[in-house]
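**Q** Can you look at this prediction? I've put the sequence above it.
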Amino acid sequence: MKKNKRIKTAALVLGTMIIAGALIFGPGLLASGDESKAGIENSETPLLSVKTENAEKRTLRALLEVNGDIVSGQEADVFPDMPGKLIRVYVTLGSQVRRGDVIAKVDPSKPGTSYMSSPVYAPISGTVSKTPLSAGSTVSQGTSIATVSVISNLEITARIPEREIAGLGTGLKADVSLQAYPGEIFTAAVNHVSPVLDAASRTKLVTLSFDRNDSRINAGMFARIRINTRTYSDVLTVPAEAAVNKHGKITVYVLRDTMAGLPYVEPRRVETGVSLDGWTEIRSGLDEGEAVVVQGQQLLDGGEAVRVIARGGK
């Protein structure tokens, strides 16, 4: 009788253990895909939150930004034929003159002698762009009394540092902004690159012409110039921060979906090209439209599940 009682007791304990095991492990084994996903998301180890962007094709432009001055494309200094004293000036800054107009008169007389006044003529037609000397000034044949400019033919001059001259050439397009018109862009193109490098400043003089005349643009204005030195058309790109160096290899983390629908990341080695304006060219290893991680990628190793808090692109 005691032997049978021990057998019944052992069976009761074993049955209790089986039931308890089912209660502990059974829900996980019987859970659906959604319940399993929820269990992972609610586990003690939180999912890493990431942001993604789609790989897209775009045109990248290399830009050279410099300052410049707006000048007349044609101008001439006015010199007297004889030395003496200016006795009369007929023009002021901004005056319109025609070639051959008398703009001043010089008295060449000296103590003990008296001569007729000598007229000073405008060498070209245009606008007086430099404040002329005032009456009473003593001048020589090498003294510039005024400057006459053709303001309908305005250009921009800029000096380009030696380290940037490799991509320069005539025909390059540029966007020009002026302090007088904030937010507005005027288009221009490079029409001349000096063949000589200035030894003192280590720069080259570049001249640009506007695509069209605009009465709002005046000689003497300060210009901010963005010259498009190179263009890379229709290249596959990702945000520059998406490409990281992992173990000496450039890697992006591509967003993938698991069988249960929980996203995870896949490390992908890629070949990169140029990086411009916050975008990096991808030459191989990635297809257009694939989503790559742009925030949180520094903490990834690959293969782990993630929570996407923001998805960019299409």
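**A** In hand now; what should we look at?

**Q** Poorly predicted segments of the chain, please.
**A** For the chain, residues meeting the criterion pLDDT under 70 lie at 1-46, 259-261, 312-314.

**Q** Nearest to the spatial middle of it, which residue is it?
**A** Centroid-nearest residue in the chain: D277, 5.4 Å away (criterion: Cα atoms, centre = their mean).

**Q** which stretch of helix or strand covers the nearest residue to it once chain neighbours are set aside?
**A** In space, and not counting its chain neighbours, D277 is closest to L60: 6.8 Å by Cβ to Cβ, 6 or more residues apart in numbering. Every C-beta, even on glycine, is put in place using the N, C-alpha and C of the backbone. In this assignment (DSSP states H and E), L60 forms part of strand 56-72.

**Q** Repeat that for R256.
**A** strand 249-257.

**Q** Only the buried residues of that strand, if you could.
**A** 250-255 (16 or more other Cβ atoms under 10 Å).

**Q** before we move on, the earlier item: surely the residue nearest to D277 and T229 touch.
**A** No - between L60 and T229 there is no contact under Cβ atoms under 8 Å: 11.8 Å.

**Q** so G171 sits in a strand?
**A** No - using DSSP: H, G, I helix; E, B strand; the rest coil, the assignment for G171 is coil, not a strand.

**Q** contacting residues around the closest residue to D301 other than its chain neighbours?
**A** Spatially, and ignoring its direct neighbours in sequence, D301 is nearest to P267 (7.5 Å; Cβ to Cβ, 6+ apart). Contacts for P267 (Cβ atoms under 8 Å, 6 or more residues apart in numbering) come out as 246, 251-254, 300-303.

**Q** Would you mind writing the CA trace of the helix or strand P267 falls within as CSV?
**A** Per DSSP H and E, P267 falls inside strand 263-269. Coordinates of each C-alpha in strand 263-269 appear next as CSV, following Å, rounded to 0.1, in the frame of the first residue of the first chain:
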residue,chain,number,x,y,z
PRO,A,263,11.4,46.0,-39.5
TYR,A,264,15.1,45.3,-39.1
VAL,A,265,18.2,46.7,-40.7
GLU,A,266,20.7,45.1,-43.0
PRO,A,267,24.3,46.4,-43.3
ARG,A,268,25.2,47.0,-46.9
ARG,A,269,28.7,47.9,-48.2
